[in-house]
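Undergrad: model the following, please.
(chains A and B)
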Amino acid sequence: AQSVTQPDIHITVSEGASLELRCNYSYGATPYLFWYVQSPGQGLQLLLKYFSGDTLVQGIKGFEAEFKRSQSSFNLRKPSVHWSDAAEYFCAVGGHRDDKIIFGKGTRLHILP
Amino acid sequence: GAVVSQHPSWVICKSGTSVKIECRSLDFQATTMFWYRQFPKQSLMLMATSNEGSKATYEQGVEKDKFLINHASLTLSTLTVTSAHPEDSSFYICSAEVYEQYFGPGTRLTVT
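TA: Presented below is the predicted three-dimensional model:
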C-alpha cells in the first residue's frame, strides 16, 4: 500500500541551527516525491520535488532533500533555519500524471530565538 | 507559475444549508482537479478526483451525495457541501494538475 511516514510530529530547533525532517515512503513504482510547507491557516507551498535524475534536490528558501531509494527516504534539510521557517511541513508521494498524492501526517517545526 | 484560486477563502453557514466552493486554475487548463480536506492540525486527505466533463471519483468513505463535485470546464471545479453539519467544518483545499499538482490557498468552512 502507498503510504508516507513522517516520524516526528514536532521538532524544535534554535534559530541558526541546522534542520533535518525525516520522511519515509512506501510506493510500488518509481515515486514522485514532494515536500510542502503550510503556515497556519494557509494553503500549501511546494518547497521541492523529485521526479528523476539527481537524487539531491534543491528547493526554495534554502531547503534541499535527498532521495535514497535503498532507504525509501526523502529527508528534508536546511543548513541554518530562520524564525520564519516555523510552520507545518508535509512530505508527499505520488505517481505519474493523474495519480493522487498521498501526504504524510506532517511535522510541525518550532524555532527557538 | 501556475496559479490556483479558491473562493471563498472563508465561509460560515448554518447547519442544514448548502455551500459551494470554487476552485479555478487562473493561467492554465487542468483536465484533472483534486479536492482535499484537512482537519485542524492534521494532514490532507484526498476526497475526490474530478476530470473535466466526467463524474468525479470519490475516495472510500467520502459521501458523494453530500460532497457534490462539478468540473464544468478546464479551469473550474466546484465542491458543494450539501445539508452541512458542524462536523463538516474543515479546511478544504483544491489542486489542479498540469504535469504536477498546484494547490489553491484553501477554504475554511465553519458550520454553526
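Undergrad: going by C-alpha atoms from here, please, whenever you check contacts or count neighbours.
TA: Will do.
Undergrad: helix, strand, or coil at A:S84?
TA: helix (DSSP: H, G, I helix; E, B strand; the rest coil).
Undergrad: ok, how many other residues are close to it?
TA: 10 (other CA atoms under 10 Å in any protein chain shown).
Undergrad: tell me which residues touch the closest residue to A:K100 other than its chain neighbours, please.
TA: Nearest residue to A:K100 in three dimensions, chain neighbours excluded: A:G94, at 5.9 Å (CA to CA, 6 or more residues apart in numbering or on different chains). Contact analysis of A:G94 by CA atoms under 8 Å, 6 or more residues apart in numbering or on different chains lists A:P31, A:Y32, A:L33, A:K100, A:I101, A:I102.
Undergrad: kindly report the same for A:V4.
TA: Contact analysis of A:V4 by CA under 8 Å, 6+ apart lists A:C23, A:N24, A:Y25, A:S26, A:C91, A:A92, A:V93, A:I102, A:F103, A:G104, A:K105.
Undergrad: local confidence estimate at the residue nearest to A:K100?
TA: Reading off the confidence values, A:G94 has pLDDT 85.
Undergrad: then B:V4?
TA: 94.
Undergrad: tell me how far it lies from B:L79.
TA: 15 Å (CA to CA, to the nearest Å).
Undergrad: tell me which of these two has more neighbours.
TA: Shown here are B:V4 and B:L79; by other CA under 10 Å, B:V4 has more neighbours (23 against 20).
Undergrad: tell me how far the more buried one lies from B:Q29.
TA: 10 Å.
Undergrad: quick one on the thing from earlier: who wins on neighbours among the contacts of A:G94?
TA: Going by other CA under 10 Å, A:L33 tops these with 24 neighbours.
Undergrad: host element of that residue?
TA: For A:L33, the element it lies in under DSSP states H and E is strand A:32-38.
Undergrad: that strand close to chain B?
TA: No. Shown here: strand A:32-38 not in contact with chain B (CA under 8 Å from any CA of the partner chain), separated by at least 9.7 Å.
Undergrad: skip the chain neighbours and tell me the closest residue to B:S83.
TA: B:G16 (4.2 Å).
Undergrad: let me know the secondary structure of the one you found.
TA: coil.
Undergrad: show me the contacts for it.
TA: Counting by CA under 8 Å, 6+ apart, B:G16 has contacts B:T82, B:S83, B:A84, B:H85.
Undergrad: give me the residue from chain B nearest chain A.
TA: B:P105 (4.0 Å; CA to the nearest CA).
Undergrad: quick check, pLDDT for the most centrally placed residue in chain A.
TA: Nearest to the mean C-alpha position of chain A, by CA atoms, centre = their mean, lies A:W35 at 3.4 Å. At A:W35, the pLDDT value in this model is 97.
Undergrad: give me every residue that touches it.
TA: A:L46, A:L47, A:L48, A:K49, A:L76, A:Y89, A:F90, A:C91, A:A92.
Undergrad: my guess is A:L76 contacts A:N24. True?
TA: No. With contact defined as CA atoms under 8 Å, A:L76 does not reach A:N24; the gap is 11.0 Å.
Undergrad: of these two, who's got more company?
TA: A:L76 (24 against 21).
Undergrad: for chain A, which residues are neighbours of chain B?
TA: Residues of chain A lying near chain B by CA under 8 Å from any CA: A:42-45, A:90, A:97-98, A:100-106.
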